[in-house]
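>>> Sequence first, then the predicted structure, then my questions.
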Amino acid sequence: MSDLLRPSSASSTAQSAAELLEALRTAAPLTHCITNAVVTGFTANVLLAVGAAPAMVDIVGEAGMFAGAASGLLVNLGTPTPEQRAASLEAVDAATLAGTPWVLDPVAIGVLPVRTSLAGELADRRPTAIRGNASEILALAGMSTGGRGVDATDGTEAALDAARHLARRHGSIVAVSGAVDLLTDGERVLRLSNGDALLTRVTGGGCALGAVMAAFLGTAGATGTGALDAVAGASLVYTIAAEDAAASASGPGSFAVALLDALAAVEPAEVIARAHVEEGAR
Amino acid sequence: MSDLLRPSSASSTAQSAAELLEALRTAAPLTHCITNAVVTGFTANVLLAVGAAPAMVDIVGEAGMFAGAASGLLVNLGTPTPEQRAASLEAVDAATLAGTPWVLDPVAIGVLPVRTSLAGELADRRPTAIRGNASEILALAGMSTGGRGVDATDGTEAALDAARHLARRHGSIVAVSGAVDLLTDGERVLRLSNGDALLTRVTGGGCALGAVMAAFLGTAGATGTGALDAVAGASLVYTIAAEDAAASASGPGSFAVALLDALAAVEPAEVIARAHVEEGAR
Amino acid sequence: MSDLLRPSSASSTAQSAAELLEALRTAAPLTHCITNAVVTGFTANVLLAVGAAPAMVDIVGEAGMFAGAASGLLVNLGTPTPEQRAASLEAVDAATLAGTPWVLDPVAIGVLPVRTSLAGELADRRPTAIRGNASEILALAGMSTGGRGVDATDGTEAALDAARHLARRHGSIVAVSGAVDLLTDGERVLRLSNGDALLTRVTGGGCALGAVMAAFLGTAGATGTGALDAVAGASLVYTIAAEDAAASASGPGSFAVALLDALAAVEPAEVIARAHVEEGAR
């Protein structure tokens, strides 16, 4: 792979992130989450901390109506009950009709049949963004049978081709989470290297990022930011806050608490100053 | 509105709050919660911290039996799955039969049809108390179509007439949460102004208060306290603890942790000394 | 009861605990939890903190497949929806077939009919371990109708005969949680007296321990540790971490946070030095 570094584009990504953060805190975008039972409280608290307005509407008969009115939508497949599965499809169809940007997080797909099948149905509905670890992205692209549960068993670079393929096939931004986050729209490739390993020691560390992406995408229309930069902006704000949290934490418990404090406190200027973004195309 | 201030009555409300807090810590009232998936853990921790015994029994075939034996019941409509909807009706009917006081929290009603319809059915069963933000109270009274999701989009004073109307129609105490909490039994009106804005940055900040109200109502029989003073007592203890938490917090994450610590630590004498209660009738 | 103290055996239990902790942190055993909605996030965080890999797979069509591949399984009956009840049976049957060790936590059984009946069905499938408070163990043994909700209303010694009976009937290790934890395989009886009362002020304080037991049982095969020592090891590590957490906590909120930090930090050597284990047979 012969990467051509484009620092000026990378710095414009950091600039966009800062602008989006400021716009988000003014707009408090209504962020609709259909997410798993393990992380629902933490996800709502992450959204509130960063400045968005979370709403977890995951029943049939309400999810569609709500998705049509929301600024952004997250569909996370961590614990997909029958009710949530039906509500997800209802929500995504309404989001599509209304133009609400939406994020698919295909948690632990690959071997587990119910969520794997649902993830395929949802991906065919062309998510604005898809977020997962390398195993999940490989599985969604049909290039692997997935990892063991919700862990990443592959490095993010191993999922680059799968991410590009998915991005082109579904017209989505694909974000592969790992020590280096890899983002692509099928053409451009961004590598973000902020963050801290403690994010992997807190349940919902990745899932909540999917919700922040939905909130940033829900703000991007107003600022004229493209979807790739919006997804990158969510990642940068989240992982820079994670660095602040790690600096004051004594372990995974105090880290999760400090992450919420840091998300509320992080300033746009810090995002610009501290973002580690590299753009490489081949 | 020409309010006649009655400070002596207000100070008796604070006195009742302190007595109830002490009685609650002795009795550890079994507080039955049918609540939403986002806040269930936080709600249980709030109840444990203040001294109550939480139990989240929300399945058909058990909810009724449990409500009949519990000291108080909360029904919160935040994420009303079909199972929870059926269990709510079962629990409320058993609570009514057994004389168990119960609280209705009509989260995000107005536009969303499933919960709005259920809230109407439940309100007709005459809750001991109804707790919501101004938008929800207006919607339940049929005076508005509700706000955007779970946010308060109206000040509490805007819901005064709706609250009085609901209180009379259903024989309930109605508590409108906001910067100033407004409580009424349809005749008397209390305004409580303790608390901190950080309560709005933590998911479940309002929902957990509904559970504390159920616990206080479940203790009020033993102390001979009226329902309005019991609901006010819950609000005062909770919001005074929130002030303590805010004083030591660095953001929404550390605030939520400190709120639990403060609820366990707050002394009855502090409640009397610091309560901001105003009673106004017209 | 004439107890014969066997300190050498007790010290070997502490030694095993330390070895298992070290092995667990290397293996990161995939720990499958079907648990209640109140504690699911906290339970996952406890497992991550101690070094295990949690996965909450609780839907029909996936739970069985996952249990067959996991290192250990927890089935906790705190909020048993119809979907979870069916998934529990599916998971347990697959675990049995695959030889995956599994833990049953019969939360609040006794009076509540749905979970009591399910607990009986599950116990007949011979759990590797059963964890509960004294009321729950008495109820499962058919020697009581259970307590009020999820509280222990009996001391652990009151459940010794019930625990022994259950252990023999189902071929299980039975762990009775309380101020002194009582563990038996039907013959040997261990009494563990580490821990702190703050564990009873945090929701999931007991439930999460059941998950840690599943993780330790899932590691025990590799180290050749017996099931009784594995269950005791989980209890010792958890309750010693709780002592560390209590030492720095200002109340139940900060205690829960500190418990996660302490679980990540506790060293095998500390477990050996600080374990309070007494073995008594009659």
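Everything's here; your move. Keep in mind that this is a model prediction, so the values were computed, not measured.

>>> Only C-alpha atoms from now on, for both contacts and neighbour counts.
OK.

>>> In the stretch 1-150 of chain A, which residue sits nearest chain C?
Using C-alpha to the nearest C-alpha, the single residue of the stretch 1-150 of chain A nearest to chain C is A:Val38, 4.5 Å away.

>>> Contact partners for the closest residue to that residue other than its chain neighbours?
Excluding the flanking residues, the one nearest A:Val38 by C-alpha to C-alpha, 6 or more residues apart in numbering or on different chains is C:Gly41, at 4.5 Å. Shown in contact with C:Gly41 (C-alpha atoms under 8 Å, 6 or more residues apart in numbering or on different chains): A:37-39, A:203.

>>> can you tell me how far the residue of the stretch 1-150 of chain A closest to chain C sits from A:Arg188?
Per C-alpha to C-alpha, to the nearest Å, A:Val38 is found 34 Å from A:Arg188.

>>> So which residues of the stretch 1-150 of chain A form helices?
Here the stretch 1-150 of chain A has its helices, by DSSP state H, counting those that start in this stretch, at A:7-27, A:40-50, A:63-69, A:82-98, A:113-123, A:134-140.

>>> Those: lowest mean pLDDT?
Comparing mean pLDDT across the helices of the stretch 1-150 of chain A, the weakest is helix A:7-27, with a mean of 91.

>>> so it versus helix A:40-50, what angle?
100 degrees (axes from the mean of the first three to the mean of the last three C-alpha atoms, to 10 degrees).

>>> what about A:Arg131, neighbour count?
A:Arg131 has 27 neighbouring residues, counting by other C-alpha atoms under 10 Å in any protein chain shown.

>>> Spit out the contact partners of it.
For A:Arg131, the contacting residues are A:103-106, A:137, A:174-177, A:210, by C-alpha under 8 Å, 6+ apart.

>>> same thing but at 7 Å, please
A:104-105, A:174-176, A:210 (C-alpha atoms under 7 Å, 6 or more residues apart in numbering or on different chains).

>>> do A:Thr35 as well
Applying C-alpha under 7 Å, 6+ apart to A:Thr35 gives the contacts A:75-78.

>>> Pull up the gap between A:Arg188 and A:Leu182, please.
Relative to A:Leu182, A:Arg188 is positioned 10 Å away (C-alpha to C-alpha).

>>> Neighbour count: these two, which is higher?
When neighbours are counted by other C-alpha under 10 Å, A:Arg188 and A:Leu182 differ, and A:Leu182 comes out ahead with 25 against 14.

>>> Show me what that one is bridged to.
As for beta bridges, A:Leu182 partners with A:Val176, A:Arg191 under DSSP bridges.

>>> wait, isn't it in contact with A:Arg164?
No. In terms of C-alpha atoms under 7 Å, A:Leu182 does not count as a neighbour of A:Arg164; the distance is 10.3 Å.

>>> element containing the residue in the stretch 101-250 of chain A that chain B sits nearest to?
Closest to chain B within the stretch 101-250 of chain A is A:Ala245: 10.8 Å, counting by C-alpha to the nearest C-alpha. Assessed by DSSP states H and E, A:Ala245 sits inside helix A:227-248.

>>> Can you give the contact residues for that helix?
For helix A:227-248, contacts defined as C-alpha under 7 Å, 6+ apart pick out A:13-14, A:16-17, A:173, A:185, A:194-196, A:209, A:212-213, A:216-217, A:220, A:255, A:258-259, A:262-263, A:266, A:271, A:275.

>>> Ends of stretch A:183-191, what's the gap?
Using C-alpha to C-alpha, one end of stretch A:183-191 lies 6 Å from the other.

>>> distance between it and the chain's centre?
14 Å (C-alpha atoms, centre = their mean, to the nearest Å).

>>> how about that stretch: buried residues?
Neighbour counts using 16 or more other C-alpha atoms under 10 Å in any protein chain shown place A:183-186, A:189-191 of stretch A:183-191 among the buried residues.

>>> follow-up on the earlier one: state the number of residues packed around the residue of the stretch 1-150 of chain A closest to chain C.
28.

>>> Give me whichever of the helices of the stretch 1-150 of chain A is most buried.
Neighbour counts (mean count of other C-alpha atoms under 10 Å in any protein chain shown) averaged over each of the helices of the stretch 1-150 of chain A peak at helix A:134-140, with a mean of 29.

>>> contacting residues around the helix or strand just after it?
On the C-terminal side of helix A:134-140, the closest following helix or strand by DSSP H and E is helix A:160-170. When contacts are defined by C-alpha under 7 Å, 6+ apart, helix A:160-170 is touched by residues A:123-124, A:126, A:137-138, A:141, A:143, A:173-174, A:184-186.

>>> now helix A:160-170, how far from the chain's geometric center?
Offset of helix A:160-170 from its chain centre (C-alpha atoms, centre = their mean): 16 Å.

>>> again with stretch A:12-21
Distance of stretch A:12-21 from its chain centroid, counting by C-alpha atoms, centre = their mean, is 16 Å.

>>> same question, stretch A:85-93
For stretch A:85-93, the distance to the chain centre is 18 Å (C-alpha atoms, centre = their mean).

>>> can you tell if it touches chain B?
No. Against chain B, stretch A:85-93 shows no contacts by C-alpha under 7 Å from any C-alpha of the partner chain, the least distance being 10.8 Å.

>>> Using PDB, write down the CA coordinates of that stretch.
Extracted C-alpha coordinates of stretch A:85-93, given in PDB (Å, rounded to 0.1, in the frame of the first residue of the first chain):
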ATOM      1  CA  ARG A  85     -35.500  -6.200  15.600                       C
ATOM      2  CA  ALA A  86     -38.900  -5.100  14.300                       C
ATOM      3  CA  ALA A  87     -38.500  -1.600  15.700                       C
ATOM      4  CA  SER A  88     -35.100  -1.300  14.000                       C
ATOM      5  CA  LEU A  89     -36.500  -2.000  10.500                       C
ATOM      6  CA  GLU A  90     -39.400   0.400  11.200                       C
ATOM      7  CA  ALA A  91     -37.000   3.100  12.400                       C
ATOM      8  CA  VAL A  92     -34.600   2.700   9.500                       C
ATOM      9  CA  ASP A  93     -37.300   2.900   6.900                       C
END
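
>>> Ramachandran coordinates for A:Leu77?
For A:Leu77, the backbone dihedrals (degrees, to the nearest 10) come out as phi -100, psi 30.

>>> Stretch A:106-122 near chain C anywhere?
Yes. If you take C-alpha under 7 Å from any C-alpha as the test, stretch A:106-122 does meet chain C, through A:112-114.

>>> how about the residues you listed in TSV, adding distance to A:Thr239?
Below are the residues of stretch A:106-122 next to chain C laid out as TSV (distance: C-alpha to C-alpha, whole Å):
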residue	distance to A:Thr239
A:Leu112	29
A:Pro113	32
A:Val114	31
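
>>> okay but A:Ala49 is in contact with B:Pro252, surely?
Yes. Applying C-alpha under 7 Å, one finds A:Ala49 in contact with B:Pro252, separated by 6.5 Å.

>>> Common neighbours of those two, please.
Shared contacts of A:Ala49 and B:Pro252 (C-alpha under 7 Å, 6+ apart): A:260, B:201.

>>> angle of the helix or strand that contains A:Leu263 against helix A:7-27?
According to DSSP H and E, A:Leu263 maps onto helix A:252-265. Following the same axes, to 10 degrees, one obtains 90 degrees for the angle between helix A:252-265 and helix A:7-27.
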